[in-house]
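K.L.:
Predicted coordinates and the sequence they were generated for:
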Amino acid sequence: MSSPPQWIKDGKQMPGSVVKSLVGLGVVGTLFPVYLVTILPFTLVVQIVRLLTKKKMVIRYKPAEGDDRVQIPPGDKIAFKKRTFDVVLLGTTGFTGKLAATYLAKQYGKSGGKLKWAIAGRRKGALESIAKELGMPDLPIIICDTSNEENLRTLVKDTRAVVSTAGPFNLHGTPVVKYCANYGTHYADITGEATWVREMVDRFDAIAKETGARIVHCCGHDCVPWDLMVMLSAAKLKSEFGSDLEKVEMYDRIRSAPSGGTLATAFSLVYAESKYEPSVNYNPMLITHKREKGWATTSFTGLNSVAYSSLEKAWTTMFVMARVNFEVVRRSNALSNYGEKLSYYEAHVHKAMPVALIHFFKVLIFGAVLACPPLLSIVQKFLPQPGSGSSAEAMDAGWLEVSCHARGTKKDAHVNGKLYFKTDPGYTDTARMLVEAGLTLALTEPAKLPGMPGILTPATGLGQPYVERLCSTGTTLTWC
């Protein structure tokens, strides 16, 4: 008899109630006709107006030549090994930022001991309060407004790595990436904004390669578990079967809730009024270390409905972040060549069919709200606001298990694995993932890190040393 999964051993529960879901389905069935004759037509009218005025609404932009370069004063660039701090945490006053600071304090102790670290943000008073809450009134503080160039120089020039929770990143992240890339300072963040990441690849990949900076995006719940699981499966197929990777199927069991910051990011992306025009005529995510289009392609076959999985013996629906996970895996494949034609599939696993159906309708409703600005403005008032998040009890009850079924190009080449995170993946474990990403960059010998510097993914920028740090601090990896 096979051993039960780790989440069952830990006493975790899958979310959703069958009884409540059946009641909810009854409510949906009653209100659906109302939706068809009121909200749906109104949303369609709004979208038609937006489409007709889109060219006027969306401003296409491209940086002027030289805008991505920073003029560094003589003597201002400190040698990497002589820098004061191992890591600086930017965005400390936000909800996830505070969790990251708390994790650093509990796991690694005061700055200046075995680890030299500092916190950064715009508000000195708020940063000092956090330092006192951590029991570290002498914790180094860096004041940084990301729109101030001198603040950015101070932030990046004397640390080995900057880790950032200061989103939405399409609004606040670009100047930080620019200065890190130019000063040769490593960087990690928790963005899930694929369109912004494409822009960063196009603009700063070459500069980061010149300076030795590793800029690693998506180092939280978006998209560490999936990117690493694909990397690990590809490596296992290669070592055990001598096979390239052909297909991965991801099945997600998760208990979590979105933070106010995550929702604010989603809203800012949907209604962005500008669009970056890349310098290449293909998706920048495919740019390789040689600065050319990669030959390895990745296709997305995610679920868009409710379906029964014979592999998992469970009911499944679409996973809301599957497309973002796919984009990151696509870049990893372009850089690492897991397989020439890789197929990526992802689905959200539920405890029963009624729960899956309710989740499906929730996603549809959320999509309808996003598509209708007047309705969104009303609903936003009742949603978590930026800086807010779940209670400590709810975060402790949270968890994530990603099951990966990987198939190789050779006959009978297949591996199955699970990656398990034992607390809320969107909050406490995102904080841990981010901090450990920054420490991997700051403390690992360059020869032990994968590939080359540049704008990278967790798999291609951090690799096996990162997996080892995660597994030594709470993550569980199993093969079955």
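P.N.:
Ah, there it is. These numbers come from a predicted model, not from an experiment.

K.L.:
what's the longest helix in this protein?
P.N.:
As assigned by DSSP state H, the longest helix anywhere in the chain is helix 18-37.

K.L.:
What helices and strands are in contact with it?
P.N.:
Where contact means 3 or more C-beta pairs under 8 Å, 6 or more residues apart in numbering; DSSP states H and E, helix 18-37 is packed against helix 353-370. Just so you know, the C-beta spots here come from the backbone N, C-alpha and C atoms, and that holds for glycine as well.

K.L.:
residues in contact with the helix it packs on?
P.N.:
Identification of contacts with helix 353-370 by C-beta atoms under 8 Å, 6 or more residues apart in numbering yields 15-18, 21-22, 24-25, 28, 35, 39-40, 43, 266-267, 270, 305-306, 308, 315-318, 320, 348, 350, 375-376, 379.

K.L.:
for the stretch 251-400 of the chain, which spans come out with low pLDDT?
P.N.:
259, 261-262, 265-266, 268-274, 386-387 (pLDDT under 70).

K.L.:
ranges for the helices of it?
P.N.:
260-270, 322-336, 353-370, 373-379, 392-397 (DSSP state H, counting those that start in this stretch).

K.L.:
Let me know which of those is tucked in deepest.
P.N.:
Across the helices of the stretch 251-400 of the chain, averaging neighbours per residue (mean count of other C-beta atoms under 10 Å) puts helix 322-336 on top, at a mean of 25.

K.L.:
To residue 434, which of the helices of the stretch 251-400 of the chain lies closest?
P.N.:
Among the helices of the stretch 251-400 of the chain, the nearest to residue 434 by C-beta to C-beta is helix 260-270 (13.1 Å).

K.L.:
pull the CA atoms of stretch 41-54 into PDB?
P.N.:
Only the C-alpha atoms of stretch 41-54 are listed here, as PDB (Å, rounded to 0.1, in the frame of the first residue of the first chain):
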ATOM      1  CA  PRO A  41     -25.600  42.300 -22.100                       C
ATOM      2  CA  PHE A  42     -24.200  45.200 -20.100                       C
ATOM      3  CA  THR A  43     -20.700  43.600 -20.000                       C
ATOM      4  CA  LEU A  44     -20.900  43.000 -23.800                       C
ATOM      5  CA  VAL A  45     -21.700  46.600 -24.500                       C
ATOM      6  CA  VAL A  46     -18.800  47.800 -22.300                       C
ATOM      7  CA  GLN A  47     -16.400  45.400 -24.100                       C
ATOM      8  CA  ILE A  48     -17.600  46.600 -27.500                       C
ATOM      9  CA  VAL A  49     -17.000  50.200 -26.500                       C
ATOM     10  CA  ARG A  50     -13.600  49.300 -25.200                       C
ATOM     11  CA  LEU A  51     -12.700  47.500 -28.400                       C
ATOM     12  CA  LEU A  52     -13.800  50.400 -30.600                       C
ATOM     13  CA  THR A  53     -11.800  52.900 -28.600                       C
ATOM     14  CA  LYS A  54      -8.800  50.600 -27.800                       C
END
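
K.L.:
could you pull out the strands for the stretch 51-200 of the chain?
P.N.:
In the stretch 51-200 of the chain, the strands defined using DSSP state E, counting those that start in this stretch lie at 59-61, 85-90, 117-121, 141-143, 159-164, 186-189.

K.L.:
If anything else comes up later, I'll come back, but that's it for now.
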